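**Student:** Test case, fold it:
(chains A and B)
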Amino acid sequence: MQIAKIIITCCLALTGLLAGTAHALTVAERLALAAGDNDQRIAALARVVAVGDPGASPFLKSLLDDNVKLVGNKIFVVDAGAAINAATGDHVELPADAEDVVNNNRMRSELGAAIAALDLRSPDAAVRLQAALALRQADAADSTFALVVQAEKTEQDKKIQTILAEIRAGIELHSTDVVLRLKAARELAASTSAEMRQLLVGRLEPGGEADPEVRSAIATSLRALDQRLVYFEVAGTVFTGLSLGSVLLLAALGLAITYGLMGVINMAHGEMMMLGAYATYLVQNLFRQFAPAWFDAYILVAIPVAFILTAIIGMLLERTIIRHLYGRPLETLLATWGISLILMQLVRTLFGAQNVEVENPGWMSGGIELASNLVLPYNRITIILFSLAVLLLVWTLLNKTRLGLFVRAVTQNRSMAGCVGVNTARIDAWAFGLGSGIAGLAGVALAQIGNVGPDLGKTYIVDSFMVVVLGGVGQLAGTVYAALGLGVLSKFLEGYAGAVLAKIIVLVIIIIFIQKRPQGIFALKGRSVD
Amino acid sequence: MQSRRTFIKSMTAIAASVALMTGSLTVLAADSKEPIKVGILHSLSGTMSISETALKDMALMTIEEINKNGGVLGRQLEPVVVDPASDWPLFAEKARQLLTKDKVAVTFGCWTSVSRKSVLPVYKELNGLLFYPVQYEGEELEKNVFYTGAAPNQQAIPAVEYLMSKDGGSAKRFVLLGTDYVYPRTTNKILRAFLKSKGVADADIMEEYTPFGHSDYQTIIAKIKKFSAEGKKTAVISTINGDSNVPFYKELGNQGLKAKDVPVVAFSVGEEELRGVDTKPLVGHLAAWNYFMSLKNPTNSAFTKKWADFAKAKHLPGADKPLTNDPMEATYIGINMWKQAVEKAGTTDVDKVIAAVGGQKFKAPSGFEIEMDAKNHHLHKPVFIGEVKADGQFNVVWKTSGPIKAQPWSPYIVGNDKKKDEPEAK
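**Tutor:** Residues are numbered from 1 along each chain as shown, chains lettered A, B, ... in the order given. Reported below is the predicted structural model:
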């Protein structure tokens, strides 16, 4: 047994060695891969994979990256601006009449699968893992079967081996041998991948599996797989709900201060968010122009810039206009609405009416794949964390600092606070500035997930008021519960009723709720309920 | 009684002579070198400005070009630009203003079908002339409108046929995803009937709509993923319009839904809409149009160069990366065809121009000589299907061998076989 193992290992090592030193593709083989119709090219690709020569991999990669050009029957590979004649290996000027080799989705997925199959022999475990994952996603073709079986046998890494076993079972599911099919169907019960699910469902279709025993094995595996996927699906909905909730929370937090605590019906709140988003845009442009190497960090600078800018504008507004209107809600409403129109037009004049482009930093694109049906995008995770950080900031400011104490004092009893020596006018300005600044922070976050245009504020103002009123005016905790609750509720409804109907249902629920409980989820005495 | 009758008679005579005189006056005016006013009716703000602003600029470029070459009938063109702000009733108001106050000879404008539907009564009532440059759902044929975009059989149907072909991935299940208004609803109605005729069951079709300006596509992407995992190859047909496309494609990329697994073919997404989206994760997703910027032919090279120079000279936003797209090409064709028709008719009179537009030919940037159908007010157009490349351009993976005739009345809607392929006579 031991000896046999050694012999096999030796043989495999030998083939590996041979493969490593094997010559790259011949010109004729390359031409067959690059020219002709897709069926012929795929057939040529299958031949290359059957040989299993890793030397073919670089050429396949340049094909996939659209770096291969054709002039008649001559092949050129473009590499970092220079063209290499595939026949002679000379560096040459790319002829002007060179034509791109066009790969469509079908061709690209075949190429990707072929590269992945060849990569299974890579000495680097990370590359092998990627290759195995790619191969599983690619509906592995039968031509890769030999490579997969061999790789599964030699693979030391358990995780990669499991994936390879799954791929092998997936291919064996189509085998002509009933025993093999049955074994494969049972093995696939352990899978969590949507691709394998698709395979299993496909076999159950009429014209698929004929053998009743295999059919029932497939159905059993399918049930086991589904059960696992269901948990991820619910987790996914909760996550998207929390992510929407955190956006709502960010949008409403500033308003919870200016409207909730101070009682100013602040219609310009949305425009503060819009200004925050434009501040992000400006910072991004500065980075792009002056520090492209640091581009991914622009958002860290945008956060304080947006906060300070909108806070200053908020304080200016409070000092010049809003302070004259305390206690006159209707006039405040009209005045702040006017301000919002002025700000919108100002931005339109400065930046144009079209949306501006805010690019996500590189580290915010993509996501963590927890299961085939649950991907947590980095930008959503970042925004959830960011909104929690802002919430913590606001809570600390209001409850742990002198300023917060004064704000609460002035909110609860203005004249008494004034009597004991609190400068109420200055506190008003600071509090309004804080509320506006937080709206600016929300703008930074919104710029990462949505469109940045002069109308950005309009989209969120209704939602913000909804959250604050629902949560209970004058209560931070209420705002948090309302935002997250609304987020999760809308996402669950969207899953069943669609986006349009979900929006309507949510509004109806809120109307009914406010009818029954006008003070919101939580109620606290504030200036507005005096 | 007698005197009254003579009075009426003489009044009629006076009125007639006055009419004659004004008539000859307009003829005089036509002979003079006074500029011809041309209306441009595109949203320059709001959710549709992402798409429509470029059409306004393209119209201005074409007009500038015509003026440089001596104008139309020896007269210069004078563009009148208005902004209906993605607000459908405002479209009607602005259209009325263009026709009654500015007295434009022709209008180039609208993108969404809902905006076109809202200006239609105005153009019919005041007998105006509208060139509409965007692909749409068909089901309309008006005397006062020329449609230079595609009808469903010139875009939607070939795209779905491609998805069902071997090279398109042999899709068996379809998600019809759109913005909630008339164009996506009607297109999806046609597509559903078409898919049924190809043997696709109702259970294999999922229809989803979102409001205008929708920005949170997390649930919808999750739903698409779930639907596609339920078996058989799935493809998404997107009729999402306006700036919602940016969050949609961003989410698509972030959630790792690859074109190889679930291809998305879009009917309202071109080069311009993908500006500002990281297209690397989107490689392979598709769009069907009658023109792509990446087409290689001499007419297109000249066209894109003209546009790049214009964008640079006018300091347009995005001039550092000038992009052309299908509706821009359609705008360009439309204005030039109108010019040719006016020259043929020898006047800007709406009825005479309408009669002259049919049968006009124009060498289009798509590389084909495009012809306006003699009767049905639509262009004969070639169809291209392109895949998104990493640089935001499109790789043409399928095309028709030549221009095909538009079918504004889709045969897949019941009752359309009785409708005439030309506008109702007044």
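
**Student:** Helices of the stretch 351-500 of chain A, start to end?
**Tutor:** Along the stretch 351-500 of chain A, the segments classed as helices by DSSP state H, counting those that start in this stretch run A:378-400, A:402-412, A:414-419, A:424-449, A:456-471, A:476-497, A:499-516.

**Student:** Return the most buried member of these.
**Tutor:** With neighbours defined as mean count of other CB atoms under 10 Å in any protein chain shown, the helices of the stretch 351-500 of chain A peak in mean count at helix A:424-449, which reaches a mean of 25. From N, CA and C alone the C-beta is placed, and that goes for glycine too.

**Student:** Quick one, which of the helices of the stretch 351-500 of chain A gets closest to B:A201.
**Tutor:** helix A:476-497 (21.8 Å; CB to CB).

**Student:** so how far is the closest one off the chain centroid?
**Tutor:** Taking the mean of its C-alpha atoms, helix A:476-497 sits 20 Å from the chain's own mean (CA atoms, centre = their mean, to the nearest Å).

**Student:** What about residue 206, how many residues nearby?
**Tutor:** Defaulting to chain A. Neighbour count for A:P206, taken as other CB atoms under 10 Å in any protein chain shown: 5.

**Student:** try chain B instead
**Tutor:** A count of nearby residues for B:M206, using other CB under 10 Å, gives 19.

**Student:** just to revisit the earlier point, dump the helices of the stretch 351-500 of chain A to JSON lines, plus distance to B:V80.
**Tutor:** Formatted as JSON lines, these follow (distance: least, CB to CB, whole Å):
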{"stretch": "helix A:378-400", "distance to B:V80": "43"}
{"stretch": "helix A:402-412", "distance to B:V80": "54"}
{"stretch": "helix A:414-419", "distance to B:V80": "56"}
{"stretch": "helix A:424-449", "distance to B:V80": "35"}
{"stretch": "helix A:456-471", "distance to B:V80": "28"}
{"stretch": "helix A:476-497", "distance to B:V80": "43"}
{"stretch": "helix A:499-516", "distance to B:V80": "36"}
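
**Student:** and these as CSV, adding mean pLDDT and distance to B:S268?
**Tutor:** Supplementary listing: those in CSV, determined by pLDDT from 0 to 100; distance: least, CB to CB, whole Å:
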stretch, mean pLDDT, distance to B:S268
helix A:378-400, 92, 24
helix A:402-412, 87, 48
helix A:414-419, 88, 54
helix A:424-449, 92, 21
helix A:456-471, 88, 20
helix A:476-497, 89, 22
helix A:499-516, 89, 18
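
**Student:** Flag every residue of the stretch 51-200 of chain A that's near chain B.
**Tutor:** Counting by CB under 8 Å from any CB of the partner chain, the residues of the stretch 51-200 of chain A close to chain B are A:66, A:100, A:102-106, A:108-109, A:112, A:137-138, A:194-195, A:197-198.

**Student:** just the buried members of those residues?
**Tutor:** The neighbour-count test (16 or more other CB atoms under 10 Å in any protein chain shown) marks A:66, A:103-106, A:108-109, A:112, A:137-138, A:194-195, A:197-198 as buried among those.

**Student:** Those: which two are farthest apart?
**Tutor:** The widest separation within these (CB to CB) is 32.2 Å, between A:D66 and A:R197.

**Student:** spatially speaking, which residue is in the middle of chain A?
**Tutor:** Of all residues in chain A, the one closest to the mean position by CA atoms, centre = their mean is A:P377, 2.9 Å from it.

**Student:** That one contacts B:P247, correct?
**Tutor:** No. Applying CB atoms under 8 Å, one finds A:P377 not in contact with B:P247, separated by 11.6 Å.
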